[in-house]
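> Predicted model and sequence below, questions to follow.
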Amino acid sequence: MAAPENTRAEKGIDMRLLRRIVSFLMPYKGWVLLAFVLVMTAAFLGPLRPKLIQLAIDDHIVPGDLAGMKGIILLLVGALCLEGALGFTNAYLTQWIGQQAIYDVRVKVYRHIQRQGLRFFDRTPIGRLITRTTSDVEALSDVLSAGVVVIIGDLFRLIFITAFMLSLDLVLALVTLCVMPLMIWVTFWFKRKVRGQYRETRKQVARLNAFLQEHVTGMSIVQLFNREEEERRRFMGINDEHRVAQIKTVFYYALFWPAVDIIASTAIGLVVWTGGVKALSGTLTVGVLIAFVQYARQFFEPIRNLSDQFNTLQGAMAGAERIFGVLDNDRSLPEPQVAANFRRLDGHIEFRNVWFSYDDEENWVLRDVSFTIEPGHNVAVVGATGSGKTTIINLLLRFYDIQKGSILVDGVDIREYRLQSLRRRIGLVLQDVFLFSGSVERNITLMDPAIDHDRVREAARVIGADRFIKQLPDGYAHNVRERGASLSHGQRQLLSFVRVLVYDPDVLVLDEATSSVDTETEHAIQVALDTLLEGRTSLVVAHRLSTIRHADTILVLHKGVLWQQGTHEELLTEGGLYRTLYELQYREQEHRTAA
């Protein structure tokens, strides 16, 4: 699939991509226009200097007019000072514009990633998304800061230089321009080679970042199974492919820049030869010859700059293709145009003939599942691994959309609620707790200004987490480090309960939330849950008997089918799958708990 895309890019996608890149400058079009005026003025002042030198030599030095020469010198100094001031102002202004635009691009990419459904993240490596948001966006920096303005400035400088040369001597102007066909051919050859190589380089950078992100995160598994050498060899292979891609790019640069210098030197040599012959024959003044040598040098300086900007543009194009590839791949869940209004949820939940598959094929994870949870009731979901327990939670929180059937909350299809409004009223506690680097309080409040410190302390007291928090070196200001590395699993689990409690949800969802804590911690959590669950609808996925035996209803799933439902005693009396699970797993656990 990649080849056709590359072909389209070579045939004409460049301008489309460039227009999309430049569109990020539109909010700053007034500043961009000012930068254009400044760079165009500077573009005129540069070619003006050789003309002033020619006038000084031919009209004042040769005739011996000292007073007139002083006037020309003052004009030269003024032009140089003004050109320097314009250069400083323009450099600062264009960089300021570019950084503002880069900020906007990065925010837009990050917001787009935030809006995506979990199906998007299931299919996209995290390292690749990090590359898109960091180095791929950074590849646009030079184009958005100085690229467009400098390109236009250099084009006008070429026009001004050509105009001055034609006004001085037509023959020498044509001699200078005669090497342009060769220069154009070299430039297009370089473009053809470098464009594909830039794309390959960005691809290898993404692979490298994805590998590092995944394996640094999973370093404990690598070390546990003694796979350091094997993973090092894999890293060396990916790193080597990145090195080869970079060296190929350097190879084309190493050919291109000397070729440009040789062509420029050839043009200057032709100008000196032709101009010298004309000067010896008396048909050309010394001032014009000296001016033309300077013009020949100046003429190829913007061409070199344009080539350099073109190289930058190639890198930006490669990065832009990947950035816009993310922006154009919208897997966000649809929001209703007119959303259902509510302040709080009663907690009446109904799954009605729900069918769901993660891969949009016939590999159904849930098959025609129907059940009802009454407001304030505690419902538990049990079943073997892969039966669809966690999927029910994912669908209730609308992390994924179902293919068939409907899910109703308070009699309204959840697709008619706004995602933020729905999820704000449902609290979720997972088995694998994620904590951000930062203070304990920041991880509880998630920087919500509506949650004050007293509310955090009260929630921690209710859950029973305040005892271990007070023992931390800095209490609630203690830095838990990345993923909560400085806390035990049980402590992280307690913090997740506090985090849910401070948001005061109407519906509470527990996904095996106490399966990885010790018996004492589980008892403390269970005591807190009795208070937390009061008046709230709750859905519990658990393996421990203590969290499900007193549930109002227990749902038994098997291979995506709702096999049984009832209370603990009813299901034991009924027999079947639940009794089998109980006898195999829960009875032993009950004996351990009792002991």
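Right, received. Where do you want to start? Numbering: from 1, shown residues only.

> quick one, what contacts the residue nearest to Asp448 when sequence neighbours are not counted?
Leaving aside its sequence neighbours, Asp448 sits nearest to Tyr503 (C-beta to C-beta, 6 or more residues apart in numbering; 7.9 Å). Where C-beta positions appear, they are placed from N, C-alpha and C, glycine not excepted. Counting by C-beta atoms under 8 Å, 6 or more residues apart in numbering, Tyr503 touches 424, 427, 448, 451.

> Count residues in the vicinity of the closest residue in space to the last one that isn't next to it in sequence, would you?
If I follow you right, that is Ile451. With sequence-adjacent residues excluded and distances taken as C-beta to C-beta, 6+ apart, Ile451 is closest to Thr445, at 4.3 Å. When neighbours are defined as other C-beta atoms under 10 Å, Thr445 has 21 of them.

> residues touching Thr445, list them.
Here Thr445 is in contact with 451, 456, 499, 502 (criterion: C-beta under 8 Å, 6+ apart).

> before we move on, the earlier item: just the contacts of Tyr503 now: which is nearest Val540?
Checking the contacts of Tyr503 against Val540 with C-beta to C-beta, the nearest one is Gly427 at 12.2 Å.

> still on that earlier bit, save the contacts of Tyr503 as a markdown table, and put in pLDDT and secondary structure too.
Putting those into a markdown table (pLDDT from 0 to 100; DSSP: H, G, I helix; E, B strand; the rest coil) gives the following:
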| residue | pLDDT | secondary structure |
| --- | --- | --- |
| Arg424 | 87 | helix |
| Gly427 | 88 | strand |
| Asp448 | 85 | coil |
| Ile451 | 86 | coil |
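
> Make a markdown table out of those residues and add distance to Cys81 and neighbour count.
Compiled in a markdown table, those are given as follows (distance: C-beta to C-beta, whole Å; neighbours: other C-beta atoms under 10 Å):
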| residue | distance to Cys81 | neighbour count |
| --- | --- | --- |
| Arg424 | 61 | 15 |
| Gly427 | 67 | 23 |
| Asp448 | 55 | 10 |
| Ile451 | 59 | 18 |
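
> tell me which of those is nearest to Leu313?
Relative to Leu313, and with distances defined as C-beta to C-beta, the nearest of the contacts of Tyr503 is Asp448, at 43.2 Å.

> Can you pull the phi and psi angles for that closest one?
phi -80, psi 120 (degrees, to the nearest 10).

> still on that earlier bit, can I get the contacts of Tyr503 in TSV including distance to Ala42?
Below are the contacts of Tyr503 laid out as TSV (distance: C-beta to C-beta, whole Å):
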residue	distance to Ala42
Arg424	55
Gly427	61
Asp448	51
Ile451	54
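
> Give me the phi and psi angles of the residue nearest to Asp448.
Dihedral pair for Tyr503: phi -90, psi 0, per degrees, to the nearest 10.

> avg pLDDT for the helix or strand containing Asp142?
Element membership for Asp142 (DSSP states H and E) is helix 141-142. Mean pLDDT, computed over helix 141-142, is 75.

> which non-adjacent residue is nearest His215?
Leaving aside its chain neighbours, His215 sits nearest to Glu231 (5.8 Å; criterion: C-beta to C-beta, 6+ apart).

> Which secondary structure state does the one you found sit in?
Counting by DSSP: H, G, I helix; E, B strand; the rest coil, the backbone at Glu231 sits in helix.

> What pLDDT is listed against the most centrally placed residue in the chain?
Nearest to the geometric centre of the chain sits Thr133, at 2.4 Å (C-alpha atoms, centre = their mean). Per-residue pLDDT puts Thr133 at 83.

> just use 55 as the starting number from now, easier for me
Sounds good: first residue 55 from here, last item Thr187.

> how near is the closest residue to it other than its chain neighbours to Val191?
Once flanking residues are discounted, Thr187 sits nearest to Val163: 5.3 Å by C-beta to C-beta, 6+ apart. Counting by C-beta to C-beta, to the nearest Å, the gap from Val163 to Val191 is 6 Å.

> Spit out the residues that contact those two alike.
Ile377.

> Show me where the stretch 355-504 of the chain has its strands.
403-410, 420-427, 432-437, 458-463, 466-467, 480-484 (DSSP state E, counting those that start in this stretch).

> Tell me which of those sits most buried.
Comparing the strands of the stretch 355-504 of the chain by mean neighbour count (mean count of other C-beta atoms under 10 Å), strand 432-437 comes out on top with a mean of 23.

> What is that strand packed up against?
Other helices and strands packing on strand 432-437, by 3 or more C-beta pairs under 8 Å, 6 or more residues apart in numbering; DSSP states H and E, are helix 443-450, strand 591-595, strand 607-612, helix 631-635.

> Tell me the gap between that strand and the middle of its chain.
38 Å (C-alpha atoms, centre = their mean, to the nearest Å).

> what does that strand rub up against?
425, 427, 443, 446, 587, 591-597, 601-602, 604-612, 617, 632, 635.

> cutoff 7 Å now
427, 443, 446, 587, 592-596, 602, 605-612, 635 (C-beta atoms under 7 Å, 6 or more residues apart in numbering).

> What subset of those is buried?
427, 443, 446, 587, 592-596, 602, 605, 607-612, 635 (16 or more other C-beta atoms under 10 Å).

> which sections of the stretch 455-604 of the chain are below the confidence cut-off?
536-539, 567-576, 578-579, 582, 585, 597-601 (pLDDT under 70).

> Swap in 90 and give it another go.
Applying pLDDT under 90 to the stretch 455-604 of the chain picks out residues 472-479, 481-508, 510, 512-559, 564-590, 592, 594-604.

> And the stretch 155-304 of the chain, by the same measure?
155-157, 159-161, 164, 167-213, 215-216, 218-289, 291-292, 294-304.

> got the buried residues for the helix or strand hosting Val91?
Taking DSSP H and E as the definition, Val91 sits inside helix 83-109. For helix 83-109, burial by neighbour count (16+ other C-beta under 10 Å) applies to 86, 89-90, 92-94, 96-101, 103-109.

> again, but for stretch 624-639
So for stretch 624-639, counting by 16+ other C-beta under 10 Å, buried means 625-626, 631-633, 635-636.

> For it, which outside residues touch it?
436, 597, 608, 610, 612, 617-618, 620.

> is Ser460 in a bridge, and if so with what?
Counting by DSSP bridges, Ser460 forms beta bridges with Arg406.

> can I assume it is in contact with Trp409?
No - assessed by C-beta atoms under 7 Å, Ser460 is found out of contact with Trp409, at 10.7 Å.

> can you give me the strands in the stretch 505-649 of the chain?
Using DSSP E, counting those that start in this stretch, strands in the stretch 505-649 of the chain cover 561-565, 591-595, 607-612, 615-620.

> now these in TSV, with distance to Tyr157?
Shown next, in TSV, are the strands of the stretch 505-649 of the chain (distance: least, C-beta to C-beta, whole Å):
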stretch	distance to Tyr157
strand 561-565	37
strand 591-595	41
strand 607-612	48
strand 615-620	50
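
> okay, Val163 and Val191: which has more neighbours?
Val191 (23 against 20).

> Hmm, the more buried one is touching Phe378, no?
No - applying C-beta under 7 Å, one finds Val191 not in contact with Phe378, separated by 11.4 Å.

> Surely Ala350 is in contact with Thr320?
No - with contact defined as C-beta under 7 Å, Ala350 and Thr320 do not form a contacting pair (10.1 Å).

> Mind checking which of those two has more residues around it?
Ala350 (26 against 13).

> list the contacts for that one?
230, 321-322, 325.

> And the pLDDT at it?
The per-residue pLDDT reported for Ala350 equals 83.

> host element of it?
Assessed by DSSP H and E, Ala350 sits inside helix 340-382.

> ok, back up a step: possible to save the contacts of stretch 624-639 as JSON lines with distance to Arg211?
What follows is the contacts of stretch 624-639, written out as JSON lines (distance: C-beta to C-beta, whole Å):
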{"residue": "Val436", "distance to Arg211": "76"}
{"residue": "His597", "distance to Arg211": "74"}
{"residue": "Ile608", "distance to Arg211": "79"}
{"residue": "Val610", "distance to Arg211": "78"}
{"residue": "His612", "distance to Arg211": "76"}
{"residue": "Trp617", "distance to Arg211": "78"}
{"residue": "Gln618", "distance to Arg211": "81"}
{"residue": "Gly620", "distance to Arg211": "84"}
